[in-house]
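1. Could you work out the structure for the sequence below:
(one chain, ligands or ions: 2)
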Amino acid sequence: MRIKIQRLNPEAKLPQYAHPGDSGADLVAVTECTIQPMQWLAVPTGIAAEVPPGFELQVRPRSGWALKQGVTVLNSPGTVDAGYRGEIKVILLNLGSEAVAIARGQKIAQMVVAPVVWGQFEEVDHLTPSQRGSGGFGSTGLTSVEDDMGNPQS
Ligand SMILES: O=c1ccn([C@H]2C[C@H](O)[C@@H](COP(=O)(O)OP(=O)(O)OP(=O)(O)O)O2)c(=O)[nH]1
Ligand SMILES: [Mg+2]
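-> Residues are numbered from 1 along each chain as shown. Ligands and ions are numbered 1, 2, ... in the order given. Alright, predicted model coming up:
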């Protein structure tokens, strides 16, 4: 799908897929900044997009960065509406114990193009009963997961 991208800053880079067929196109920071532990920051990408109606862009974290340094996208997946023409920003959250320095041009997140289904919200008095009913929030049980993948756990 063709998606028009406007560079708002000469240093900005277009989103780029690392490999053909990847879901996420990398987004890079257009300014340098530092995020202290347990702080978050809207990091500018220097780009704006024109997404066709019926689609959205989703801003997602990079798993490697999350695993190694605890940096994630606070509002993941960030929603970039089709009609939004402003600068795309990435709200990065540092859950690690060290300050994280971000360089200009560094990959900070990935962006996925996704289809949108519009709901027509209709008020009713009763909903059709279901097997789950109103059970939620752990109603099917909570288990602790053994870590055999080398993930940091404390
Ligand atoms: O990670 C994100 C999330 C959002 N946006 C931009 C595009 C999106 O279309 C707009 C609004 O985002 P959202 O709807 O998530 O925020 P809101 O707090 O509901 O703001 P609004 O009242 O403007 O919809 O902000 C980004 O650049 N990055
Ligand atoms: Mg909104």
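
2. Beta-bridge partners for the spatially most central residue of the chain, please?
-> Centrality entry for the chain: nearest residue to the mean C-alpha point is residue 60, 2.2 Å, by CA atoms, centre = their mean. Residues found in beta-bridge contact with residue 60 (criterion: DSSP bridges) are residue 110.

3. Okay, helices next: where are they in this protein?
-> Counting by DSSP state H, the segments of the chain that form helices are 63-69.

4. which bits of it sit near ligand 1?
-> For the chain, the residues in contact with ligand 1 (CB under 6 Å from any ligand atom) are 59, 75, 78-81, 84, 88-89, 91. Where you see a C-beta, it was placed from the backbone N, CA and C, and this is true even at glycine.

5. Would you check how far apart residue 55 and residue 40 are?
-> Relative to residue 40, residue 55 is positioned 27 Å away (CB to CB, to the nearest Å).

6. Equivalent analysis for residue 14, please.
-> Residue 14 sits 25 Å away from residue 40, taking CB to CB as the criterion.

7. the more surrounded of the two?
-> Residue environment comparison for residue 14 versus residue 40 gives the larger neighbour count to residue 40, 17 against 14, counting by other CB atoms under 10 Å.

8. In this structure the more buried one contacts residue 92, no?
-> Yes: with contact defined as CB atoms under 8 Å, residue 40 and residue 92 form a contacting pair (6.2 Å).

9. Please list the residues outside stretch 120-138 that contact it.
-> Defining contact as CB atoms under 8 Å, 6 or more residues apart in numbering, one finds that stretch 120-138 is touched by residue 139.

10. okay, how far is it across that stretch, tip to tip?
-> 29 Å (CA to CA, to the nearest Å).

11. Only the buried residues of that stretch, if you could.
-> Within stretch 120-138, not a single residue qualifies as buried, counting by 16 or more other CB atoms under 10 Å.

12. quick one: average pLDDT of that stretch?
-> Confidence for stretch 120-138, expressed as mean pLDDT, is 97.

13. and what of stretch 109-117?
-> The average of the pLDDT scores along stretch 109-117 is 98.
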